[in-house]
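# return atomic coordinates for the entry below.
(one chain, ligands or ions: 1)
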Amino acid sequence: MHKNAEDQPQSTWVSWNENVQHNYTYHHTVKKEKELAEIIGRTSGKVRVYGSKQSSADIAAGTDSLIDMRQYDQIVSIDDVKKQITVQSGITLKTLITTIQDRGWSLPCLPDIDTVTLGGALATGTHGTGRDGKLLSEYMVSCRMVMADGSIRKVSEGEELMDAARVSLGLLGIFSEITLQCQSVYTLHLKEQPMHDDVWMAQYDDLLDDNDFTRILWMPHTDHGYVILGNKIDPDTPVKHNPGPDYLKHRRAVSRMLYKYTTKFPFLTTIANKIIYKLFFTSKKESKGTLYDATVTKSRSGTLELAEWTIAKSRFNACFTELKAALDNSDNAAYVHIPMDIRFVKKDDSWLSYAYGEDCVTVGCVTRDAANADHYKAFEVVEKIFLKHGGRPHWGKRFEAKGEELSAVYPKFEDFKALRQELDPQGKFLNPYLTELLDVKTVAKSKNRAA
Ligand SMILES: Cc1cc2nc3c(=O)[nH]c(=O)nc-3n(C[C@H](O)[C@H](O)[C@H](O)COP(=O)(O)OP(=O)(O)OC[C@H]3O[C@@H](n4cnc5c(N)ncnc54)[C@H](O)[C@@H]3O)c2cc1C
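Here you go, the predicted model:
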């Protein structure tokens with residue numbers, strides 16, 4: 001291990017909500033691909049890179065050496081003919097999207113957060129929602145990756161390595177420059193209203209077909225979802241602007257206050273949910289704007305701890321019916337904070353994508369009391385139900401499943417493990433969590449047995 005740690009302002013790495021903390025010895029900040037390659041190449045121990053530290057899963061640190069990607073954030077080039085932009089992977093989604101929006105472009109499926117880095121978002125399969133929306137990483141047409149030995153590899157659409165690399169948790173190599181295919185920007189006409197669970201459940205497939213944008217904020221203990229639908233319109237089309245009552249802007253702060261005591265007294269959650277629903281999710285709203293301007297949250301007053309599970313659309317009804325019965329049942333202590341975010345993603349071919357091979361539905365599960373996330377029973381109950389129905393976890397969020405359980409739901413999981421072993425035989429990019437997640441020891445043992 002080289003001793004030239006460039007900057008060591010701290011010795012403990014802390015995630016944004018403080019739930020993941022790790023000591024480290026060497027800390028680097030990079031601004032160039034060459035620096036990234038040199039550091040990775042000369043590190044003989046283990047090394048992880050990190051972006052905005054906004055993942056709930058323990059995937060961004062836990063190694064002796066760490067690399068902060070956030071200053072590696074420049075725009076490299078723009079191709080006006082192809083509508084493609086090449087950027088350094090530490091750029092935030094905010095800078096990326098505002099830059100392309102200024103040129104009249106968009107990425108057609110955006111997550112509900114813009115403070116994360118592009119590299120972090122791609123690595124974990126970050127997604128949005130929509131009839132044709134795919135994971136953000138599906139809009140990557142080529143990239144450069146720094147491999148475990150410090151060499152640089154260019155990967156393009158059509159190569160098998162691209163299908164493996166799009167969602168790869170920084171385990172195959174580290175994204176340096178990324179080229180994204182953009183589309184023309186469009187304006188959405190959004191309409192939002194509460195709907196009884198029986199109504200949206202009966203209609204969601206049609207709603208998805210009939211609208212460009214569909215998102216359902218589901219609220220256990222209230223029998224309702226808040227349905228947000230959007231359709232592309234000419235930007236000059238007049239739209240009745242109805243943002244709802246002014247106090248709606250206090251929803252997150254009020255929720256945090258109401259949920260403050262629900263860790264100690266979980267049954268209070270049912271009352272809190274009913275109050276939050278009545279106050280913040282019963283009015284209709286109407287607006288227009290670009291996907292970014294009108295649907296992506298720009299600021300949050302506090303942190304959260306998040307889990308998110310995904311299920312093939314064909315199995316959503318059975319899974320949701322069981323989920324609703326469990327979460328609405330006050331006997332099982334799985335009191336869950338609202339809303340639970342239900343979104344829709346189009347199928348793709350990326351090995352570790354939630355939508356590999358089939359269109360999928362994603363269901364978020366959140367606690368607004370991040371510090372007490374370990375005692376939030378809902379995470380356990382939700383995970384058990386999704387695993388039973390063949391659901392897949394979001395890589396950047398909280399879950400317990402490991403090894404064989406993941407192999408059972410991700411058809412290319414074993415192929416991914418084998419490729420990782422081939423590309424990084426020393427396990428340079430593995431931290432303890434990822435080693436367990438991939439069950440790396442078992443691979444080594446079975447290889448020995450075969451030999
Ligand atoms: C409030 C909130 C809202 C969210 N909303 C959504 C949402 O709407 N949809 C959704 O899908 N997710 C959502 N997420 C999850 C979030 O998008 C992911 O956790 C994302 O990975 C965070 O990016 P980051 O820059 O913080 O990455 P980090 O958490 O710092 O890192 C994540 C992973 O990426 C790796 N990594 C970082 N940079 C690179 C690189 N250049 N090359 C290779 N690997 C790299 C890290 O090693 C780590 O394994 C949300 C999270 C929060 C906190």
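# which residues in the stretch 151-300 of the chain form strands?
Here the stretch 151-300 of the chain has its strands, by DSSP state E, counting those that start in this stretch, at 152-156, 174-181, 183-184, 187-196, 213-219, 224-233, 285-290.
# what's the pLDDT at Lys445?
At Lys445, the model reports a pLDDT of 40.
# Ala5 now?
Looking at Ala5, its pLDDT reads 46.
# wait, doesn't Pro220 sit right on Ile342?
No - contact criterion C-beta atoms under 8 Å: Pro220 and Ile342 do not qualify, at 11.8 Å. Any C-beta I mention is one placed from the backbone N, CA and C, and that applies to glycine too.
# neighbour count: the two, which is higher?
Pro220 (26 against 21; other C-beta atoms under 10 Å).
# in space, what's closest to the more buried one - neighbours in sequence excluded?
Leu327 (4.2 Å; C-beta to C-beta, 6 or more residues apart in numbering).
# return the distance of the helix or strand hosting that neighbour from the chain's centre.
Here Leu327 sits within helix 316-328, counting by DSSP states H and E. With C-alpha atoms, centre = their mean, to the nearest Å as the basis, helix 316-328 stands 22 Å off its chain's centre.
# now that helix: mean pLDDT?
Taken as a whole, helix 316-328 has an average pLDDT of 97.
# with stretch 241-249 instead?
93.
# okay, that stretch in CSV with CA atoms only?
Only the C-alpha atoms of stretch 241-249 are listed here, as CSV (Å, rounded to 0.1, in the frame of the first residue of the first chain):
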residue,chain,number,x,y,z
HIS,A,241,-52.3,25.6,-12.4
ASN,A,242,-53.4,24.1,-9.1
PRO,A,243,-50.6,23.4,-6.7
GLY,A,244,-53.0,22.6,-3.9
PRO,A,245,-53.1,24.4,-0.5
ASP,A,246,-49.9,26.2,0.5
TYR,A,247,-49.4,24.1,3.6
LEU,A,248,-48.7,21.0,1.4
LYS,A,249,-45.1,22.2,1.3
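# give me the number of residues near Glu33?
The tally of other residues near Glu33 (other C-beta under 10 Å) stands at 18.
# cool, Phe379 as well?
Close neighbours of Phe379, defined as other C-beta under 10 Å, add up to 25.
# that one against Cys365, yeah?
Yes - between Phe379 and Cys365 there is a contact under C-beta under 8 Å: 6.3 Å.
# what is in contact with those two at once?
By C-beta atoms under 8 Å, 6 or more residues apart in numbering, Phe379 and Cys365 have these common neighbours: Ala307.
# show me what contacts Leu135?
So, once contact is read as C-beta under 8 Å, 6+ apart, Leu135 ends up touching 109, 125-127, 166-167, 345, 348, 350, 353-355.
# repeat the analysis, applying 6 Å as the threshold.
Listed by C-beta atoms under 6 Å, 6 or more residues apart in numbering, the contact set of Leu135 reads 125, 127, 353.
# same check, this time on His22
13, 61-62.
# among the residues you listed, which ones lie close to the ligand?
Residues of the contacts of His22 in contact with the ligand (C-beta under 6 Å from any ligand atom): none.
# those in strands, which ones?
Here DSSP state E is the test, and the contacts of His22 give Trp13 as lying in strands.
# ok, the contacts of His22 vs the ligand, which is closest?
Proximity of those to the ligand (C-beta to the nearest ligand atom) peaks at Ala61, which lies at 8.0 Å.
# so that closest one sits right up against Thr12, yeah?
No - the criterion here is C-beta atoms under 6 Å, and Ala61 misses it with Thr12 at 9.4 Å.
# so the two - more neighbours on which side?
Remark: of Ala61 and Thr12, Ala61 carries more neighbours, 21 against 9, as counted by other C-beta under 10 Å.
# who's in contact with the residue nearest to Thr117 when sequence neighbours are not counted?
Excluding the flanking residues, the one nearest Thr117 by C-beta to C-beta, 6+ apart is Gly51, at 3.1 Å. By C-beta under 6 Å, 6+ apart, the residues touching Gly51 are 69, 117, 119-120.
# which bits of this structure sit near the ligand?
48-55, 59-60, 69, 89, 111-113, 116-117, 119-121, 123-124, 126-127, 169-170, 174-175, 300, 304, 306, 394, 396.
# beta partners for the nearest residue to Lys82 once chain neighbours are set aside?
Closest residue to Lys82 in three dimensions, ignoring its sequence neighbours and counting by C-beta to C-beta, 6+ apart: Gln181, at 7.5 Å. On the basis of DSSP bridges, Gln181 is bridged to Gln84.
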